[in-house]
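A.B. asks: turn this into a structure:
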Amino acid sequence: MNSRYLLALAAAAAAAWAFRRWRQAIPVVMVLLVLEGAIRKWVFPGAQDIVYFGKDLLLLGAYAGYFTDNVAGRLRAPKVPVLTISLAICALFGLLQIFNPRSPNLLVGIFGWKAYFFYVPLFFVVPTALSSDVQIVRFLRRYVLLAIPVCLLGMAQFVAPGSSFLNTYARQPEEGQIASFGSSEHIRITGTFAYITGFTSYLMATLILLLALLAASRWRFRGNFWIFSAFGLALVGVLMSGSRGPVLILALLLPLYWWLAVIREGGAATTSRLVIAAALVGSLVVYAGSSATEAWLGRAAGHSDVAERLTQPLLSPVRALEAAGLFGFGIGTAHQTAMALTPGVRPYSWLHGAIVEDEPGKIMIELGPIGFVLFYFIRVFLAFYAFRQVLELRIQFHRAIACACLLFFLAELPGGVVFEVTAGLYFWFFAGLLAAVVALDRKAVQAALAAQPRPVTLASAVRARTRRPGAPKLPPPASTAPSATG
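C.D. replies: Numbering: from 1, shown residues only. Alright, predicted model coming up:
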C-alpha cells in the first residue's frame, strides 16, 4: 500500500511537471510508452494500474500546459477545416454515446470515450513541442535507437525458456499462457512491452520512422551505421514476435514507399544505395535471426487462415451491423476495460453475443453505422491528407516525414487505434508529426518568398534613391532544414 501511495504521489508530481514543461513532456511520454511495460512487469508489479495511467497523466498535464500557454509566434498545426469539423462532430457523437441505454453503466462510456479521443490533441500539441526541423531530427534519431536495446532484450527472451523471469506479461499469467510459436520451443517475445500486440505496434512505428530517416538521407551509409543497425534488429524483432501482420503490411507498403520516397526523389543513386543496404540488412537478419526466421515460417505455414484474416476487417463490420442497430451498444462496451468496470456482471453479457475480435467490427458494435462512418472518415482523410502533402511539400525532409505518416495511417486502417493503446498513441503522434512538417514547410516557403527581390516600381525607385547612405541590407534567411544524417 505504501509503495502504491508513493507511486501515486510521484505520478501527480509528474503531471504537475508536465504542465509547466509541456514541450519536454511529449518526448518523455513517447519514451515512457516504450518502457512502461518493463516497469509494470519487473519494477512495480503490484502497482500496474498506476504505471499504466502514468503516461496519460503526463499527457493530461501537457495538454493543460499547452492550452493555457499563449506564447505568441509559436509554431501551430495547420488549419484543416475538414479534419477539425469531423473531429468535433465525432467527439460530440461519442459524448452522446456515453448515455446509450444499451451500455451497462456510465463509467464504461467515459473510459470508452477516452480510448477514442484522449490522444487526438497530439495533432495540435506536437507541432509546438517539436517546433523546428532540428528538434524533429534530433528526437527521431535518438528515439529510433531505442529499438537496439529493446530488440536485444527480445533476443534474450527468445533464447530463454518460457519459465524465465524475462518472459512474463504485465498481468503475470500462468506459465502455460506465455505465447509460443507452436512448432518451436521458442516463445514469442514482447521486449519491454506488456504484451505482444504493443510490441509489434512499436516495431511497426519504429520501422516506418527508420524508413523516413533513411529516405531523408537518401540511404547514405555515412553517419547512419546505428540507424541501419536499428533497422536490422527491428526486423529480427518482428520475426521473433511471431506476428504475421507486420510482415504482410510492410510488404504491401514497400512499393508505395519506393515510388514516393525513392523514385520521385531522384532515383538512381538512392536506388543503388537502397539495394545495397537491403542486401546487407537482409544478410544481418538471416545471420542473426536464422532461428527466428525458421520459427516464424513454421508458425506461418502452420496456419491456413491467412485469407480469412485479410478479409476479416472488411467483413466484420458488415456482419456486426444487424446486431449493432442504428446507434450500437454504446461507446466502450466492447473495450477490454469494460470487464473491470462492471464487477458482478458476466463479461460482455450486455452485447447479447455480438462479440467480434477485430477493431472495425468492435467500432461498429459500439457506435453503430453512423459512428462507424464518422470515425473511419477521419482515419481515411488523414491518409489522404498525408498523401497530398507528400506530393506538395517543398523540402525533401518534410516529404520523407509525410511519407512515413502516410504509411503508418495506411497500416493502421485495419489496425487497433482505439483498442490498442500503443497503436493509438502512435497514430496521433504521427498525425502531430505530419502537422509539424506541414507548418514548417509553409513557414520556410513564406520566408523564401519574403527574401525574393520585389519588382521595381516608381515608388520603390524613389525610396531606394533617398535611402540613408550606409544602411545595411538584410540577408535572405537561411534554410532551417537540417541534414537527416545529424
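
A.B. asks: contacts and neighbour counts: CA atoms only from here.
C.D. replies: Fine.

A.B. asks: quick one: contacts of stretch 316-328?
C.D. replies: The contact list for stretch 316-328 (CA atoms under 8 Å, 6 or more residues apart in numbering) reads 354, 356, 358, 360-371.

A.B. asks: mind listing the helices for the stretch 201-350 of the chain?
C.D. replies: Secondary structure of the stretch 201-350 of the chain by DSSP state H, counting those that start in this stretch: the helices cover 225-241, 245-257, 268-288, 290-301, 306-324.

A.B. asks: ok, the spatially most central residue of the chain to residue 206 distance?
C.D. replies: For the chain, the residue nearest the mean C-alpha position is residue 426 (1.8 Å; CA atoms, centre = their mean). From residue 426 over to residue 206 the distance is 10 Å, taken as CA to CA, to the nearest Å.

A.B. asks: kindly report the same for residue 324.
C.D. replies: Residue 324 is 36 Å from residue 206, by CA to CA.

A.B. asks: and for residue 221?
C.D. replies: According to CA to CA, residue 221 and residue 206 sit 19 Å apart.

A.B. asks: more neighbours: which of the two?
C.D. replies: Shown here are residue 221 and residue 206; by other CA atoms under 10 Å, residue 206 has more neighbours (22 against 17).

A.B. asks: isn't that one right up against residue 148?
C.D. replies: No - counting by CA atoms under 8 Å, residue 148 is not a contact partner of residue 206; they are 10.8 Å apart.

A.B. asks: overlap in contacts, these two.
C.D. replies: residue 234.

A.B. asks: out of the helices of the stretch 201-350 of the chain, the one nearest residue 90 is which?
C.D. replies: Across those, the minimum distance to residue 90, taken as CA to CA, is reached by helix 306-324, at 17.7 Å.

A.B. asks: sorry, back to before: pick the one among the contacts of stretch 316-328 closest to residue 386.
C.D. replies: Of all the contacts of stretch 316-328, residue 360 has the smallest distance to residue 386: 21.7 Å, by CA to CA.

A.B. asks: quick one: mean pLDDT over stretch 255-265.
C.D. replies: For stretch 255-265, the mean per-residue pLDDT is 91.

A.B. asks: in it, what's buried?
C.D. replies: 257, 258, 260, 261, 262, 265 (16 or more other CA atoms under 10 Å).

A.B. asks: ok, stretch 47-55 next?
C.D. replies: When neighbours are counted by 16+ other CA under 10 Å, the buried residues of stretch 47-55 are found to be 47, 48, 50, 51, 52, 54, 55.

A.B. asks: so who does the fourth one touch?
C.D. replies: If I follow you right, that is residue 51. Each residue near residue 51 by CA under 8 Å, 6+ apart is listed here: 36, 39, 40, 44.

A.B. asks: picking up where we left off before, find the nearest non-adjacent residue to the residue nearest to the centre of the chain, please.
C.D. replies: Among residues not flanking residue 426 along the chain, residue 205 sits closest, at 7.1 Å (CA to CA, 6 or more residues apart in numbering).

A.B. asks: surely that neighbour touches residue 407?
C.D. replies: No - with contact defined as CA under 8 Å, residue 205 does not count as touching residue 407 (9.4 Å).

A.B. asks: which one's more surrounded, the two?
C.D. replies: For residue 205 versus residue 407, neighbours defined as other CA under 10 Å are more numerous around residue 407 (26 against 22).

A.B. asks: check the gap between the more buried one and residue 212 for me.
C.D. replies: 10 Å.
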